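K.L.:
coordinates for the following, if possible.
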Amino acid sequence: MKKLTTSVLAVVLSSTFVVANAQQKNDTVKTQDIEGVVVTALGIKREKKSLGYASQEIKADVLSDGTTNTGNIASQLSGKIAGLQVNTTNNFAGSANLLIRGVKSLQGGNPLIVIDGSPVNNSSTYSTASNVDYGNALSDINQDDIASINVLKGAAASALYGERGLNGVIVITTKNGRGKEDGSWGVTLSSSVQGGQIDKSTFPEYQNQYGGGYGGSTGNLANDFYTGTGPGGLYYVNFPEDASWGPKFDPNLQVYAWDYFDPTSPNYKKATPWVAAKNGPIKFFDTPFSFSNSISLDKGTKGKNISLSFDNLQQNGLMPGSKINKNTFSTKINYDLTDKLHASVFSTLTLQNTKGRATTNYSDNFLTGFREWWQVNVDVLQQKRAYEQSGHQNISWNRNSAADGTAIFWNNPYFQALENQTTDRRTRSFSYASVTYDISKNFSLMGKVSLDNSYLYAENRLAVGSIAQSFGQSGNGTSSGYARTNIEQNEINYDLLANYKFDITDKINVSGVLGGNVRRNYYNSIYNSTEGGLVVPGLYALGNSKGATLAPSESEQTTESNSLFATASFDFYKIFYLDGTYRVDRSSTLPKGNNVYGYPSVTGSLILSELIKPSWLSFWKVRANYAEVGGTASAYLTANQYASAGLFGNVGLFGNQTSLPNADLQPQRSKEIEVGTEVRILRDRVTLDVAAYKTNTTNQIIPSLPISVGSGLTAASVNAGEIENRGIEVQLGLIPIKSQNFTWEINANWSKNENKVITLLHNGVSDVSNYLLNSFQGGVSLNATEGEAWGALIGQDYQYINGQPVISATTGRYLKSADKHVIGNTTPDWVGGVRNSFNYKGFSLSFLIDVRHGGDIFSTDMYYGLATGLYPETAANGVRENGIVWPGVNPNGQVNQTVTANPSGFGSLDGYYRMPAARFVYDGSFVKLREASIGWTLPKSLLAGTFLTDAKISLVGRNLWIIHKNLPYADPEAVVGGGIRTYGLSIGSLPTTRDFGVNVTVKF
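P.N.:
Below is the predicted model of the structure:
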């Protein structure tokens, strides 16, 4: 493979040399125009060649033209930016997690999102009460409003954001209005329709030899069908059991299945053959479709322009009944009030209604049933018929007994999806207004105010007739209920910036910014639920509670920060650039004396191509920088917090304090050094950008470090720990062919980040070398462990002799370790992507290969599903009768030759019952054909005489082919939700879909 790759690269480079030399006369490039202008921190425009740090810009067409509309622009950055890891989910309208240059904080963290210089919220909302992922806030941004995205990767690039720059910054620039040349309005209409098809490699394949039960196939039917016999002495199926480790199928054997008891079924009071179902769970899902229509109106020139846009997205998902209706309205106005006074206003409003989000994680997620606890003899379409014809009752395959038709473990999946349905409404608005006054040609003053506001109203339902489950505020078991959540968040920023630029000499100048920022954040949430069930079925309201409702769970937070900053950029002869920045923040979440702190940066870049000028060299720059950024604390970690515990008579009660506050809490700090180079040769036909960095983040803020319960408390807020990240990023651009009518471009990126938890807490009082981040089924946990990369998976391992797993010579089963060990790590070894683009006259073709190498995943689906007998490997080659000889050695060191004992017994062969957790840790690598598109821009000659000025039609696709993966029956990207939940766990996820679409855009 390596040899082939090298050969292909050599051919491409050789071709580029030849074609470039042949086209020298027609392909001239000025050095000063090579890199162009990009938008950096605080919305400051800079010549990219002057920057002493790594950044990468993505234009709007690269972001969205080659793919279907995902509804979340974060997911559309996959495979396009060196150093950026995008973790998406398959949750309907779910979260997409962004990570730049590795995890720097013990709590994880996403980069700061900035629109036209103003920060916006990108938090992920996840309900732990209902296990529902409500997505991250970046999905509210309309991709049609975006002109470009610039990713500021390192500390030097993000230093101007101080305490918010720890995890990097993604700078979004919105489009300005640009009408027709005659000054009239320009109108753009875009319409797309897309559909999805399940990628079967991401959903279980079921064995078809054995049916429901836990008793195995012993040959004694009375024991195998241990539920008993019905009329005529025929056996009842083991419908109360949720596994497929039961009797062997026999089409000549007649049995009574769950539908024998269903009066609406054609099999009512009838026996049916004992065979595998015709329609397995994959038939449960709907075909997802989405329709997007947008219109934009633009008018104006550089100093006076306006842009108006409206976008409507209607989408239904895989889950029956799941729907989204999203409307986005945007306005942007730039207006020169005078030659010196300039004003800009931008406002966007998103209204989204969502129905039918899937439950995630383990409990009450019926997708875990499909993947872990299922009977392969159950026909899912017969479950649909039973639900519909019974008047939407819970007619479940998993009934308690022949005499009791209530569900024991699992609801009818259609009842679960359509009756126990989640709904939510979200309103999001973001607006800013700025005024700039040019005091002189060297000095200007800008004032700006921005407001980011969001409101989420979410409802959860548990229909009468459901299986009793933990629900609502109390968490008590109930078979019906209603819960609602209201969350309001807003952020206001006030900015004052003074821009200056002076010529020190004819060849040396300095420019920069002096400014300040005042920020106010507000968060309010309220949660309440019924208790003891619903009085009136189908009436979902708090007032319909059987029992007295508890006092609402409320949270309100207000935080403030005030900042001053200054920058100075020196330009020496257009050859050497030297920049310095300094920012001072004052945070309300830290105690007095520790709440004022500063962050510096210094960068330098040298344009070697101005000193060395061979004919083949277009541009060459070397750069280096050092910077510090940081992070402040969450609200209210420095003082005691108490939660309401209701009333005792007329007296209000409050719960005990369980976490020790820290009145001496300090900000965390990250220090980074970076070097890099940018090279463009053969008249810009080959471009290379390489960066190497080392980041150390210290004084980590841990809001809930476990402490001895002997203290009377369970956790404490502390500063502790150091995390180191070392890495390298490479961007490569090639234009092998460029002629008058045909162009072939290759853009590749590759990045490797090595993460290590250097230390946690050792202070003479506490000795902490491991910090628990998340817990999974099977005794597996996600951890920050000293000496390991962040994201260590800890669980029970095999016993080993000389690196070989040990197997009992008596039972033929693996021996488990007595203690838990590190059995994997979620941090990938490297990520990358390659895009090929071809253009011939008005036709275009592009495709993107997205790669993640490494990063372990614990599969709860395989942990249980291999024990319950769902998957083909549990029935292949007669293993249930003959057993398996597992690879490894016996305790004496000899190669194992012992067949597993009692192979037909439940859990005897594989799965959670016998295997250590390490058995179910899989390499999360993947190679995907992430995007592909074919487009045709109609020639002007064809549009002559019509009202159209431009027209384009495209066929687009996304996730078309998982070329390689190691995780069986699931997508390695299909995780639970945003934040910490993004890492290391595959459990009950929706299958991935191959999405296809048609986009049409016309302008007039």
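K.L.:
right, and residue 190 touches residue 294 too?
P.N.:
Yes. Using Cβ atoms under 8 Å, residue 190 is in contact with residue 294, at 4.7 Å. To be clear about C-beta, it is placed using only N, CA and C from the backbone, and glycine gets the same treatment.
K.L.:
between the two, which has more neighbouring residues?
P.N.:
Taking neighbours as other Cβ atoms under 10 Å, residue 190 and residue 294 compare with residue 294 leading, 22 against 19.
K.L.:
could you tell me how many residues sit around the closest residue to residue 235 other than its chain neighbours?
P.N.:
Nearest residue to residue 235, sequence neighbours excluded (Cβ to Cβ, 6 or more residues apart in numbering): residue 225, at 3.6 Å. Number of residues near residue 225 (other Cβ under 10 Å) recorded here: 24.
K.L.:
now do the contacts for residue 225.
P.N.:
213, 235, 236, 237, 238, 246, 247, 255 (Cβ atoms under 8 Å, 6 or more residues apart in numbering).
K.L.:
show the model's pLDDT score for the first one.
P.N.:
Right, the one you point to is residue 213. In this prediction, residue 213 carries a pLDDT score of 96.
K.L.:
tell me what it is bridged to.
P.N.:
Beta bridges link residue 213 to residue 244, judged by DSSP bridges.
K.L.:
state the distance from it to residue 878.
P.N.:
Per Cβ to Cβ, to the nearest Å, residue 213 is found 18 Å from residue 878.
K.L.:
which of those two has more residues huddled nearby?
P.N.:
Remark: of residue 213 and residue 878, residue 213 carries more neighbours, 27 against 10, as counted by other Cβ under 10 Å.
K.L.:
the more buried one against residue 223, yeah?
P.N.:
No. At 9.9 Å, residue 213 does not count as touching residue 223 under the criterion of Cβ under 8 Å.
K.L.:
helices of this protein, start to end?
P.N.:
Secondary structure of the chain by DSSP state H: the helices cover 2-22, 60-64, 155-158, 221-224, 366-372, 380-389, 413-419, 860-865, 879-882, 940-943.
K.L.:
is it possible to get CSV of these that adds mean pLDDT?
P.N.:
Converted to CSV, those look like this (pLDDT from 0 to 100):
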stretch, mean pLDDT
helix 2-22, 39
helix 60-64, 88
helix 155-158, 94
helix 221-224, 93
helix 366-372, 95
helix 380-389, 98
helix 413-419, 97
helix 860-865, 97
helix 879-882, 95
helix 940-943, 89
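K.L.:
most tightly surrounded among these?
P.N.:
helix 155-158 (a mean of 31; mean count of other Cβ atoms under 10 Å).
K.L.:
which strands or helices does that one pack on?
P.N.:
Judged by 3 or more Cβ pairs under 8 Å, 6 or more residues apart in numbering; DSSP states H and E, helix 155-158 is in contact with strand 596-607, strand 617-631, strand 668-681.
K.L.:
need the overlap of contacts for residue 190 and residue 294.
P.N.:
residue 144.
K.L.:
so where's the protein shaky on pLDDT?
P.N.:
Along the chain, the parts satisfying pLDDT under 70 run over 1-35, 179, 645-647, 652, 710.
K.L.:
quick one: contacts for the most far-flung residue of it relative to its centre?
P.N.:
In the chain, counting by Cα atoms, centre = their mean, residue 232 sits farthest out from the average C-alpha position, at 55.7 Å. With contact set as Cβ under 8 Å, 6+ apart, residue 232 has these partners: residue 271.
K.L.:
look up how far residue 824 lies from it.
P.N.:
53 Å.
K.L.:
residue 376 too?
P.N.:
Counting by Cβ to Cβ - residue 376 and residue 824 are separated by 30 Å.
K.L.:
verify the stated contact: residue 532 with residue 547.
P.N.:
Yes. Using Cβ under 8 Å, residue 532 is in contact with residue 547, at 3.2 Å.
K.L.:
got the contact list for residue 674?
P.N.:
Taking Cβ under 8 Å, 6+ apart as the test, what residue 674 contacts is 53-54, 154-156, 623-626, 691-694.
K.L.:
where's residue 37 relative to residue 146, distance?
P.N.:
Distance from residue 37 to residue 146, by Cβ to Cβ: 17 Å.
K.L.:
so between those two, which is more surrounded?
P.N.:
residue 146 (20 against 12).
K.L.:
if the more buried one is in a bridge, with which residues?
P.N.:
Bridge pairing for residue 146 - DSSP bridges - gives residue 174.
K.L.:
kindly report the same for residue 429.
P.N.:
residue 349, residue 453.
K.L.:
so it touches residue 349, yeah?
P.N.:
Yes. Contact criterion Cβ under 8 Å: residue 429 and residue 349 qualify, at 4.8 Å.
K.L.:
residues bridging contact with these two, i.e. touching both?
P.N.:
Common neighbours of residue 429 and residue 349, counting by Cβ under 8 Å, 6+ apart, are absent.
K.L.:
which residues touch the closest residue to residue 439 other than its chain neighbours?
P.N.:
Among residues not flanking residue 439 along the chain, residue 445 sits closest, at 6.2 Å (Cβ to Cβ, 6+ apart). Going by Cβ under 8 Å, 6+ apart, residue 445 touches 436, 437, 439, 496, 497, 498, 499.
K.L.:
how near is residue 445 to residue 50?
P.N.:
23 Å.
K.L.:
could you do residue 430 as well?
P.N.:
For residue 430, the distance to residue 50 - Cβ to Cβ - is 30 Å.
K.L.:
cool, residue 63 as well?
P.N.:
25 Å.
K.L.:
same question, residue 983
P.N.:
37 Å.
K.L.:
and for residue 731?
P.N.:
Counting by Cβ to Cβ, the gap from residue 731 to residue 50 is 18 Å.
K.L.:
cool, and residue 251?
P.N.:
77 Å.
K.L.:
and those two? Which one has more around it.
P.N.:
Neighbours were counted for residue 251 and for residue 50 using other Cβ under 10 Å; residue 50 has more, 22 against 9.
K.L.:
give me the nearest residue to that one, chain neighbours excluded.
P.N.:
In space, and not counting its chain neighbours, residue 50 is closest to residue 577: 4.4 Å by Cβ to Cβ, 6+ apart.
K.L.:
I figured that neighbour hits residue 568, correct?
P.N.:
No. Look at residue 577 against residue 568 with Cβ under 8 Å: they stay out of range, at 11.2 Å.
K.L.:
which of those two has more neighbours?
P.N.:
residue 577 (22 against 15).
K.L.:
list the contacts of residue 151.
P.N.:
So, once contact is read as Cβ under 8 Å, 6+ apart, residue 151 ends up touching 55-58, 77, 81, 83-84, 100, 111, 168-171.
K.L.:
equivalent analysis for residue 750, please.
P.N.:
Residue 750 makes contact with 82, 729, 730, 732, 830, 831, 832, according to Cβ under 8 Å, 6+ apart.
K.L.:
for the last one, grab the count of nearby residues.
P.N.:
What that stands for is residue 832. If you count neighbours by other Cβ under 10 Å, residue 832 ends up with 19.
K.L.:
cool, the fifth one as well?
P.N.:
Counted with other Cβ under 10 Å, the burial measure for residue 830 works out to 18 neighbours.
K.L.:
confirm for me that it is in contact with residue 730.
P.N.:
No. Contact criterion Cβ under 8 Å: residue 830 and residue 730 do not qualify, at 10.1 Å.
K.L.:
between these two, what contacts are shared?
P.N.:
By Cβ under 8 Å, 6+ apart, the residues touching both residue 830 and residue 730 are 750, 751.
K.L.:
which residues touch residue 401?
P.N.:
Contacts of residue 401 by Cβ under 8 Å, 6+ apart are 227, 240.
K.L.:
please disregard the earlier target; I meant residue 921.
P.N.:
Neighbouring residues of residue 921 by Cβ under 8 Å, 6+ apart: 793, 795, 823, 824, 856, 857, 858, 859.
K.L.:
leaving out chain neighbours, which residue sits closest to residue 315?
P.N.:
Nearest residue to residue 315, sequence neighbours excluded (Cβ to Cβ, 6+ apart): residue 290, at 3.8 Å.
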